[in-house]
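Engineer: Output the structure for:
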Amino acid sequence: MTENHPPVTGDLEAILLVGGQGTRLRPMTLGVPKPLLPTAGVPFLAHQLARARAFGVRRIVFATSYRASMFCEAFGDGSAYGLSLEYMTEEQPLGTGGAIRNAAEALTSPPDAPVLVLNGDILSGHDIGDQVRTHVARGAAVTLHLTEVEDPSRFGCVPTDETGRVTAFLEKTPNPVTNRINAGCYVFTRSVIDTIPYGRVVSVERETFPGLIEAGELVLGYADRSYWLDVGTPAAFVQGSRDLVLGRLASPALPGPTGEHLVLPGAQVSPEAKISGGSVVGARAVVESGANVSGSVLGDGCVISSGATVIDSVIGTGARVATGAVIRDAVVGDGAVVGPGNELLAGTRLWPGVVLPECAIRFSSDT
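Structural biologist: Sure thing, here's the model as predicted:
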């Protein structure tokens, strides 16, 4: 799958919101921020950076908080991605609006310029360039990417009128008025960002956007039905990595061809092992003869022993899955060991360093 969207003209700046702790993904995020988790062979944000660059973004300000120094360590000045990167850190979490306002101190755009704002935990195939051009053409204060979901009651919904103007932001309700939700990609006019209070907690969803609507400013909805995924849970994280490897969402950052699997350098995969479903085999990982791995993410240096089965799961760095073990829809933390004959059922999370002896079947969601 390829994309041929024209880039945005000019030097577009962006803010990338990466301050969250990723608690829903624990234990995967105990030592690594969610946006840095290995996803289809590279840190998750590498996919966002590559797509932003393809759409004409040239400079990005990271809005960091949790383990802030790790972002600079991972991406440096951005030259490897053809970008200029800056880092702004919140000493205390400031919410979405406060984070945007804090990061804006590093922007160089003039007051009337569009500024792209991206949530750091979203995979999206929508046309960012067209969203920016629509924002500029309509003279909007803010233009929000909206996506359609089957169950909007889980997210809250964003109704629009016939012109695309957003009319309200509705909290989660059992009877939503629309199936369109906020998809986590915004285009702000720079001067609007500067009206957000500086140095305090602000929510764009509960304060900034409703305030702009009430004041009569144009808050525009850019709705489409392209690929979209919030990777905030283990199941969604696995799905995102799998979809990138399979080519369901194109990414310039994918370190290899799309297909049934992606095997990173130094990995050892037996010819008698079966690797399928968009699985990733991490660097220096070992998959032995007779092992069956489908739709999963195998961390660097892990070992999947002969006859083991791993389905739709995450196996952490240096973890070991012994002969005959079965793991489905589960997370095995870094350095953990699953002994022979164990079966980890859907929702199980095995924390780093835990060792399960032989045939110690686990049903709990946290171990």
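
Engineer: in stretch 107-120, what counts as buried?
Structural biologist: Residues of stretch 107-120 classed as buried: 107, 109, 113-120 (neighbour count, 16 or more other CB atoms under 10 Å). Bear in mind the C-beta positions are built from the backbone N, C-alpha and C, glycine included.

Engineer: whoops, stretch 233-249 was the one
Structural biologist: Buried residues in stretch 233-249 (16+ other CB under 10 Å): 234-246, 248-249.

Engineer: Okay, and which of these map to helices?
Structural biologist: 234-246 (DSSP state H).

Engineer: which among those residues gets closest to Gly156?
Structural biologist: Of all those, Ala236 has the smallest distance to Gly156: 17.7 Å, by CB to CB.

Engineer: Identify the residues contacting the closest one.
Structural biologist: Neighbour list for Ala236: 229-230 [criterion: CB atoms under 8 Å, 6 or more residues apart in numbering].

Engineer: Against Gly301, how distant is it?
Structural biologist: 25 Å (CB to CB, to the nearest Å).

Engineer: Next: Arg165.
Structural biologist: 52 Å.

Engineer: Same drill for these two, tell me which one is more crowded.
Structural biologist: With neighbours defined as other CB atoms under 10 Å, Arg165 and Gly301 compare such that Gly301 has more, 19 against 15.

Engineer: Which pLDDT does the model give the more buried one?
Structural biologist: Gly301 carries a pLDDT value of 97.

Engineer: tell me the contacts of it?
Structural biologist: Gly301 touches 282-285, 317-318, counting by CB under 8 Å, 6+ apart.

Engineer: Of those, which pair is most distant in space?
Structural biologist: Ala283 and Gly318, at 11.6 Å, using CB to CB across these.

Engineer: Quick check: neighbours shared by these two?
Structural biologist: 300-301.

Engineer: who's more crowded, the two?
Structural biologist: Gly318 (20 against 15).

Engineer: Quick check: the gap between the more buried one and Val332.
Structural biologist: 10 Å.

Engineer: same thing with Pro340?
Structural biologist: Pro340 is 15 Å from Val332, by CB to CB.

Engineer: the more surrounded of those two?
Structural biologist: Remark: of Pro340 and Val332, Val332 carries more neighbours, 31 against 16, as counted by other CB under 10 Å.

Engineer: In contact with the more buried one, which residues?
Structural biologist: 313-316, 319, 321, 338, 344, 350.

Engineer: next one: Val219
Structural biologist: Taking CB under 8 Å, 6+ apart as the test, what Val219 contacts is 140-144, 165-166, 209, 212-213.

Engineer: thinking again about what came up before, which of the contacts of Val332 fall within strands?
Structural biologist: 314-315, 321, 338, 344, 350 (DSSP state E).
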